[in-house]
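# predicted coordinates and the sequence they were generated for:
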Amino acid sequence: MPFLPPTRVLRDGAPIHTYLPVVLRSGHLYAPAWPVVAEFVDRIIRVGDRLYIYRAGRCVVVEVPRSAHRTLAQLYLPLAATLRPLGDDVRYAAAARTVEIRTPLAALAPRLPAQPNPLPRVVFAPRLAPTPRPHWNGVPLPRRTPLPATAPSTPPNARAPLGRPSPPR
């Protein structure tokens, strides 16, 4: 898999910055799924050996070898074959070493749902007040609160001396 000389990927004229190079293999350009391909899509979902790539109601399914347990940054996808079914125009200028990707304006327009989302259900549960954090400000001082104490008339384990009666209680 030969690497191209430093190749810039442009999205509507603005560069997409990545440390991972674009790769040329058997006449097709391959780019890392993240950040290059992820810039152009709404979401990417991996299920088993397939990647489901969504944008604007369209879906592209890309087969990935099951042995390729890699992150999206390590996974290379065919750039043109992935983005053209989503409506993008992909062109490679070898003289300028740039990949120019044009997205139609309809895909960039904000999409409103056909039916507005229902209001969230209101749950009337009281919020717990956060426990105040103790504030430590130096050496602890001794306790100054007097503790109630009553002296017993006799210690609890004391025995009365022999020959003398024990005191009344």
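Structure received.
# all helices of this protein, in order?
79-83, 105-108 (DSSP state H).
# using PDB, list the CA coordinates for the longest one.
In PDB, the C-alpha atoms belonging to helix 79-83 read as follows (Å, rounded to 0.1, in the frame of the first residue of the first chain):
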ATOM      1  CA  LEU A  79     -12.900   7.700   0.000                       C
ATOM      2  CA  ALA A  80     -14.800   8.100  -3.300                       C
ATOM      3  CA  ALA A  81     -16.800   4.900  -2.900                       C
ATOM      4  CA  THR A  82     -18.000   6.000   0.500                       C
ATOM      5  CA  LEU A  83     -18.800   9.600  -0.100                       C
END
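# state the mean pLDDT of it.
What helix 79-83 shows for mean pLDDT is 90.
# same for it, what does it pack against?
Using 3 or more Cβ pairs under 8 Å, 6 or more residues apart in numbering; DSSP states H and E, the elements in contact with helix 79-83 are strand 28-32, strand 58-63, strand 89-93, strand 98-102. Every C-beta, even on glycine, is put in place using the N, C-alpha and C of the backbone.
# in the second one, what counts as buried?
For strand 58-63, a neighbour-count test (16 or more other Cβ atoms under 10 Å) marks 60, 62 as buried.
# quick one: contacts of that strand?
If you take Cβ atoms under 8 Å, 6 or more residues apart in numbering as the criterion, strand 58-63 is touched by 49-53, 77-78, 81-82, 85-87.
# now residue 22: closest residue in space, sequence neighbours ignored.
Counting by Cβ to Cβ, 6 or more residues apart in numbering, residue 7 is the residue found nearest to residue 22 once chain neighbours are left out, at 4.6 Å.
# surely the one you found meets residue 95?
No. Here residue 7 does not reach residue 95: they are 11.9 Å apart, not a contact under Cβ atoms under 8 Å.
# between the two, which has more neighbouring residues?
Under the criterion of other Cβ atoms under 10 Å, the comparison of residue 7 against residue 95 puts residue 7 first, with 19 against 5.
# contacts only, for that one.
Contacts for residue 7 (Cβ under 8 Å, 6+ apart) come out as 21-22, 97-99.
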